[in-house]
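Trainee: Sequence plus predicted model, see below.
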Amino acid sequence: MKLRSITLTTGIFPPDIGGPASFISIFANELSKRGIDVTVITLSDDSHDDSHLPYKVIRINRKTKKPFRDIIVIKEIIKAATKSDLIFSNTLAFESAIAAKLSKKPFIQKIVGDIAWERANTSGRFKGNLEEYQKAHLDITSQLTNFYRNFAVKTSDLIITPSYYLKNIINMWDYPHEKVAVIYNAVEFEEADAKIPKEKFRILSVARLIPHKGIEAILRCLTKLDFEFEYVIIGDGPLKSELELLSHTLRVNTKFLGNISKKDVATWLANSDLFILNSSYEGLPHIVLEAMENGCPVIASNVGGTPEVLKDFVNGLLYEHNNIDELFDKINIIKNDEVLREKLVLNGKKFTEQFADVHEMVSAYMKIFQRIING
């Protein structure tokens, strides 16, 4: 049987910023080009006109209280799945797993992180990193979230990850090694379309403003710099007000732009002198590839799948997460070593070429989809 129709589920979707939002948008568009009927089910803060898209988008208000929101999501997935050959989850995995069981449809999940750890970390229940979480003695709330995560994992007919790092994490969850496939994400790069005047060295971060993105440590590091600069933060999240207050208290020259379009992100990257990513975890960071493509030197924390795309002193600089002294040293290297900076930019652009083939990536997914629906 040939795949004719698919239901895609995701917790974020454009205009939201983030890897899952970017991926599903690209993926749904490419599947539609291949004549596949696509329905995207997503959470959203606001209503949007999606009529221009070549596929159907069902948005469910993110602010609806649980468990009512979960029930709505499950009902919408089941409704879409009745006309689909397959459910593919790129988050909203628990809801998708239940809907797959009830609709008796094949279920493939893409895992880009550990939702149990992310929730424990964001709430402050667990301060350690992703690897430490897998071995820790957890509170009852975290144990319940692990159950929620593991239910979706064990229900999956197959799991896809965007990095070998994440495959190794999933192997700790008692899921068959042979049922985990690694497919690197392709990225549709936007071209910068304007000049953004600057009078000072411009440092940029693009991130959801949540604890594990490490913006606070970047702000504290920047207070040590002895040259004039401006720090631009693109993204939104629950820590925005707290970070705005901290930047004011620390007297760091900071601009908070909130969520902006992908083209605008590319424009800011192309008009910045340095991009910093200080996450304590990344599956495979799209934004690092986007920075490379737009000629912006990258400094990133050496965590998760990041070192699978960024090689120290080859196409960027790596440092220990939250190590302010090391980050300070690396910033000064970028600022003062023009030869190295040009080398990193050149190598970065060369490296992104292998991630620009969306057609090849989708073909790899299609092979897996066809295998699953045909048993």
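Mentor: Looks like it came in fine. Residues are numbered from 1 along each chain as shown.
Trainee: got the residue ranges for the strands in the stretch 51-200 of the chain?
Mentor: Ranges of strands in the stretch 51-200 of the chain, per DSSP state E, counting those that start in this stretch, are 56-61, 86-90, 107-110, 158-161, 180-182.
Trainee: Okay, and residue 9 sits in which element?
Mentor: For residue 9, the host element (DSSP states H and E) is strand 5-10.
Trainee: So which bits of stretch 51-63 are buried?
Mentor: Residues of stretch 51-63 classed as buried: 53, 55-60 (neighbour count, 16 or more other Cβ atoms under 10 Å). Yep, even glycine has a C-beta here, placed from its N, CA and C like the rest.
Trainee: now do stretch 264-280
Mentor: Buried residues in stretch 264-280, counted by 16+ other Cβ under 10 Å: 264-280.
Trainee: Counting by contacts, list what the longest strand along the chain packs against.
Mentor: Criterion DSSP state E: the longest strand present in the chain is strand 37-44. When contacts are defined as 3 or more Cβ pairs under 8 Å, 6 or more residues apart in numbering; DSSP states H and E, strand 37-44 packs onto strand 5-10, helix 19-33, strand 56-61, helix 68-81.
Trainee: Could you give the separation of the second one from the chain centroid?
Mentor: By that I understand helix 19-33. 13 Å (Cα atoms, centre = their mean, to the nearest Å).
Trainee: list the helices and strands it packs on?
Mentor: When contacts are defined as 3+ Cβ pairs under 8 Å, 6+ apart, helix 19-33 packs onto strand 5-10, strand 37-44, strand 86-90, helix 286-293, helix 358-373.
Trainee: Residues touching the longest strand of the chain, excluding its own?
Mentor: Strand 37-44 is contacted by residues 4-13, 16, 24, 28, 31-32, 54-62, 69, 73, 76-77, 80, 83-84, 92 when judged by Cβ atoms under 8 Å, 6 or more residues apart in numbering.
Trainee: then it to CSV, C-alphas only?
Mentor: Output of strand 37-44 as CSV, limited to C-alpha atoms (Å, rounded to 0.1, in the frame of the first residue of the first chain):
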residue,chain,number,x,y,z
ASP,A,37,-2.9,14.5,2.0
VAL,A,38,-1.5,16.1,5.2
THR,A,39,-3.3,17.3,8.3
VAL,A,40,-1.2,19.1,11.0
ILE,A,41,-2.6,19.2,14.5
THR,A,42,-0.9,21.7,16.8
LEU,A,43,-1.2,23.8,19.9
SER,A,44,-1.3,27.5,19.4
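Trainee: That one pairs with which strands?
Mentor: Take DSSP bridges as the rule and strand 37-44 pairs in its sheet with strand 5-10 (parallel), strand 56-61 (parallel).
Trainee: got JSON lines for the buried residues of stretch 51-63, with distance to residue 209 too?
Mentor: JSON lines is the format used below for those (distance: Cβ to Cβ, whole Å):
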{"residue": "53", "distance to residue 209": "27"}
{"residue": "55", "distance to residue 209": "30"}
{"residue": "56", "distance to residue 209": "31"}
{"residue": "57", "distance to residue 209": "25"}
{"residue": "58", "distance to residue 209": "27"}
{"residue": "59", "distance to residue 209": "22"}
{"residue": "60", "distance to residue 209": "23"}
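Trainee: so which of the residues you listed comes closest to residue 375?
Mentor: The shortest gap between residue 375 and any of the buried residues of stretch 51-63 belongs to residue 55, at 26.3 Å (Cβ to Cβ).
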